[in-house]
Each structure stands twice: as C-alpha cells, then as structure tokens.
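Student: could you look at this predicted model? Sequence included:
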Amino acid sequence: QVQLVESGGGLVQPGGSLTLSCAVFRMTFRLYPMAWYRQAPGNPREFVASISPGAEPNYADSVNGRFTIARDNAKKTVYLQMSSLKPEDSAVYYCRLTASGGTDYWGKGTLVTVSS
C-alpha cells in the first residue's frame, strides 16, 4: 500500500518561514511527478506547486517567488519551503504522487496556520 506522510506544519507569524516534508513509502518515488496542494476551511483544494522528474517546477501565481518545491529521490521525500508567509496561506497542505496511468495518491495533510 502506497503511503504519503506529510510533516512540518505548525503556527508561524506573518512574514515567517516554514518547510514542509512529504515522505513516500512503498513506491518508486523517482519516476513520478509530485505536487503540493492546500485547502482552507470552506474552500476547494487548490494547486500550490509541482515537480516532475527532469522538469522545471511549477507554481501557483499566489505562491510564486515565495515558495520552493524540491525533491530528494534518495530520501523519497518532497519538500515545500515557504517564506514570506501570509495569513491567507493558512490551510491544510497535502502532497500528491501521480503514478502510471494517472493514479493519484494523497497524504493526510499537515496544518499550517499563519497568525500573529
């Protein structure tokens, strides 16, 4: 059973930084695209960033220039480095792996709260 486990969420002040991690278990990580999504209360889940093997990362306009996605194939982990955080960045952050045939696997999420 493929498993994705996010960590690194928490409470941070506006303007602060936080790095999220997503570890992947029981999957050949290096072959597949990875992405981060987020969902705030009352809102649909939205795309944040993605990274595919051998390709440039993609970012939502709302986070471009503030967030950086990276992957470590040896550790089977994808990271989301977040800086200049704003209250509107508060959400549950999820990672997603897209496997062959378009099958998506999701983690259970990690909560980020940006507040003073």
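Tutor: Yep, that arrived. Residues are numbered from 1 along each chain as shown.
Student: quick check: Trp36 is in a strand.
Tutor: Yes - counting by DSSP: H, G, I helix; E, B strand; the rest coil, Trp36 falls inside a strand.
Student: number the residues from 765 up from this point.
Tutor: Got it, first residue is 765 now, which makes that one Trp800.
Student: which SS state does the residue nearest to it when sequence neighbours are not counted fall under?
Tutor: In this structure, Trp800 finds its nearest non-sequential neighbour in Val812, 4.3 Å apart by CB to CB, 6 or more residues apart in numbering. Bear in mind the C-beta positions are built from the backbone N, C-alpha and C, glycine included. What three-state DSSP gives for Val812 is strand.
Student: a helix runs through Glu852, doesn't it?
Tutor: Yes - judged by three-state DSSP, Glu852 forms part of a helix.
Student: what sits against it?
Tutor: Glu852 makes contact with 804, 826, 878, according to CB atoms under 8 Å, 6 or more residues apart in numbering.
Student: quick one: Ser879 from Ala813, how far?
Tutor: Using CB to CB, to the nearest Å, one gets 22 Å for the distance from Ser879 to Ala813.
Student: which one's more surrounded, the two?
Tutor: Shown here are Ser879 and Ala813; by other CB atoms under 10 Å, Ala813 has more neighbours (23 against 10).
Student: list the contacts for the spatially most central residue of the chain?
Tutor: Geometric centre of the chain, nearest residue: Trp800, 2.9 Å, by CA atoms, centre = their mean. Residues counted as contacts of Trp800 (CB under 8 Å, 6+ apart) are 784, 786, 812-814, 833, 842, 844, 857-860.
Student: of those residues, just the buried ones, PyMOL syntax please.
Tutor: Buried members of the contacts of Trp800, defined by 16 or more other CB atoms under 10 Å, are picked up in PyMOL with:
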select buried, resi 784+786+812+813+814+833+842+844+857+858+859+860
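Student: got a markdown table for the contacts of Trp800, with secondary structure and distance to Pro821 too?
Tutor: Shown next, in a markdown table, are these (DSSP: H, G, I helix; E, B strand; the rest coil; distance: CB to CB, whole Å):
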| residue | secondary structure | distance to Pro821 |
| --- | --- | --- |
| Leu784 | strand | 15 |
| Cys786 | strand | 14 |
| Val812 | strand | 11 |
| Ala813 | strand | 6 |
| Ser814 | strand | 7 |
| Ile833 | strand | 5 |
| Val842 | strand | 10 |
| Leu844 | strand | 10 |
| Tyr857 | strand | 16 |
| Tyr858 | strand | 17 |
| Cys859 | strand | 14 |
| Arg860 | strand | 14 |
